[in-house]
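Enquirer: fold the stuff below for me.
(one chain, ligands or ions: 1)
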Amino acid sequence: MQSNDILLTDQDRLVLSVVRDFVEREIMPVRQQIDDDKDHVVVRGILRGLSGLGLMRAGLPQEHGGMTAGGSGASNVTTCLVLEEISRADCGIAVAASVTTWALMPAVTAGNETVLKLMGEMFGGGELRLGCFAMTEPASGCDIENLAVLHGRPIQTRAVLDGDEWVINGVKRFPSNAGVADIYCTVCQTDPSLGEEGIALIYVPSPWEGLSFGKFESKAGMQADRNCDIYFDNVRVPRQYRAAGPGDDARLMKRNLALGRVASAAIAVGNSRGAFERVLDYTGSRVVQGRPIRQHSMCAGMLADMAIGIETARAYYLQTAYMLDRPHEYGDADCDIMLSRASLAKVYACDVAVMVANRAMELMGSYGYMREFDVEKYWRDGKEIQLWLGGAQLARLDVARGYYEL
Ligand SMILES: Cc1cc2nc3c(=O)[nH]c(=O)nc-3n(C[C@H](O)[C@H](O)[C@H](O)COP(=O)(O)OP(=O)(O)OC[C@H]3O[C@@H](n4cnc5c(N)ncnc54)[C@H](O)[C@@H]3O)c2cc1C
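Expert: Presented below is the predicted three-dimensional model:
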């Protein structure tokens, strides 16, 4: 690929080269095994390696075992570039790692010392630790995320204060790392009539009394990321485990929607690059009508469209991540305009990911459909990125909301 590296610092380049080496050495050679890795032996080995590089605690401040002094962990630009690089090999691995940081982020941003101390102890040792941001429920996914119109009223997971403890009851569906995470940032509602003031992000460590899980979902792809129902049956945690408080938790949730969407854009670009690199290679040696496939002008045009999509999606998500790193100049992550930009980055990068994997498969003929040629994996995984975090439609509505009231 050409590279638009103008926004990268020397530190970004260093982190990227370490991650790229890891990806080439540890993930690329086994990417075909991940879909069959039912017991997650291969997956946990890879995640342990990434954890050893400090990835799972990259979101924590240094005082609590993380990577950066004082602030709120790694920059969005660095995080996104790392996710893109991992997703070149396997999106599910990128999701399992990034959702961990995503789950920690509300407490980090709020500066919740009780939860940060808990996380520091949990993530500071040598063990592999994972986090989960549990928002989606059986009755609604997008409606919960549609804060602009529904203000968190559809959230059915209830949190009631009883003395010094929150008592949580409800069910969450599909969250990444469900059933395998060590800590759950749970999106609750204290009272639907309060709307956003009633949204409460409450941390629940695992194992914990009253917390249980359903069976793992059987998915089309992305097997490195586990999803299942999470049951909260009179789960009691200290009141300090709430990320911040009324109103602030809704802003932290909206912030996580923006960060999650720009990270999804990076994952989608990584998926596209993986498919593009594979098809570029294949079409350079497979001959039709006397010439390599990519030397035929019709096919060159298809490859050019893929490159145009990938490069522009990358440029836009990097610009958005750069802006998210500078809230004083461009606005906080929870403002409508930044949610609009992050949603635009996701919508476009996902459309590109679906288009690239589709065309890559066409250019490889029936070989593209065969597992050993890798492209069908990018084809399955790219589609899923489009479906989560509000799907293609709600994310588009959030784009429009950056331009006018809707
Ligand atoms: C692999 C994977 C990982 C996931 N990870 C997480 C996670 O970490 N945490 C978590 O909480 N959840 C997670 N999810 C769940 C996911 O985010 C939701 O499934 C998603 O937000 C959509 O919700 P839904 O499936 O209930 O669709 P629905 O809400 O039923 O929406 C269905 C369709 O309606 C469209 N739509 C929605 N609202 C509107 C509207 N107002 N106007 C027009 N169209 C609309 C949507 O775009 C979509 O096309 C994950 C799911 C998967 C499969």
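
Enquirer: point out the residues in the stretch 1-150 of the chain that sit beside the ligand.
Expert: Contact residues (CB under 6 Å from any ligand atom) of the stretch 1-150 of the chain with the ligand: 99, 133-136, 140-143, 145-146. Every C-beta, even on glycine, is put in place using the N, C-alpha and C of the backbone.

Enquirer: which ones among the residues you listed lie within strands?
Expert: Judged by DSSP state E, these include 133-134 as members of strands.

Enquirer: out of the residues of the stretch 1-150 of the chain next to the ligand, which comes closest to P292?
Expert: For those, the minimum distance to P292 (CB to CB) is 40.5 Å, reached by V99.

Enquirer: correct me, but that closest one touches S176?
Expert: Yes. Because the distance of 4.2 Å satisfies CB atoms under 8 Å, V99 is recorded as touching S176.

Enquirer: need the overlap of contacts for the two.
Expert: Common contacts of V99 and S176 (CB atoms under 8 Å, 6 or more residues apart in numbering): 132-133, 225.

Enquirer: can you pick the most crowded of those?
Expert: When neighbours are counted by other CB atoms under 10 Å, C132 leads these with 28 neighbours.

Enquirer: what residues are up against that residue?
Expert: 99, 103, 175-178, 181, 183-185, 230.

Enquirer: quick one: the strands in the protein?
Expert: 131-134, 158-162, 165-172, 183-189, 199-205, 211-213, 230-238, 287-288, 291-292.

Enquirer: can you put those strands in JSON lines and add mean pLDDT?
Expert: Listed next are these as JSON lines, based on pLDDT from 0 to 100:
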{"stretch": "strand 131-134", "mean pLDDT": "98"}
{"stretch": "strand 158-162", "mean pLDDT": "98"}
{"stretch": "strand 165-172", "mean pLDDT": "98"}
{"stretch": "strand 183-189", "mean pLDDT": "98"}
{"stretch": "strand 199-205", "mean pLDDT": "98"}
{"stretch": "strand 211-213", "mean pLDDT": "98"}
{"stretch": "strand 230-238", "mean pLDDT": "98"}
{"stretch": "strand 287-288", "mean pLDDT": "98"}
{"stretch": "strand 291-292", "mean pLDDT": "98"}
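
Enquirer: let me know which of the ones you listed is the nearest to A258.
Expert: Set against A258 and scored by CB to CB, the strands of the chain come closest in strand 131-134, at 13.2 Å.

Enquirer: neighbouring strands - and their directions - for the closest one?
Expert: Partners of strand 131-134 in the sheet, by DSSP bridges, are strand 183-189 (parallel).

Enquirer: need the CA coordinates for stretch 22-37. CSV is fine.
Expert: What follows is stretch 22-37 as a C-alpha-only set of coordinates in CSV (Å, rounded to 0.1, in the frame of the first residue of the first chain):
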residue,chain,number,x,y,z
PHE,A,22,4.3,-9.9,16.0
VAL,A,23,1.5,-10.2,13.4
GLU,A,24,3.8,-11.6,10.7
ARG,A,25,5.4,-14.1,13.1
GLU,A,26,2.6,-15.1,15.4
ILE,A,27,-0.8,-14.6,13.6
MET,A,28,-0.3,-14.7,9.8
PRO,A,29,1.0,-18.3,9.8
VAL,A,30,-2.0,-19.6,11.9
ARG,A,31,-4.8,-17.3,10.7
GLN,A,32,-6.5,-20.3,9.0
GLN,A,33,-6.5,-22.3,12.2
ILE,A,34,-8.4,-19.7,14.2
ASP,A,35,-11.8,-20.6,12.8
ASP,A,36,-11.4,-24.2,13.9
ASP,A,37,-9.9,-23.3,17.3
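
Enquirer: state which helix of the chain is the longest.
Expert: Identified as the longest helix of the chain according to DSSP state H is helix 248-285.

Enquirer: and D10, how far is that from the ligand?
Expert: Counting by CB to the nearest ligand atom, to the nearest Å, the gap from D10 to the ligand is 32 Å.

Enquirer: swap that for G163, please
Expert: From G163 across to the ligand, the span is 29 Å (CB to the nearest ligand atom).

Enquirer: over to G54?
Expert: In this view, G54 and the ligand are 22 Å apart by CB to the nearest ligand atom.
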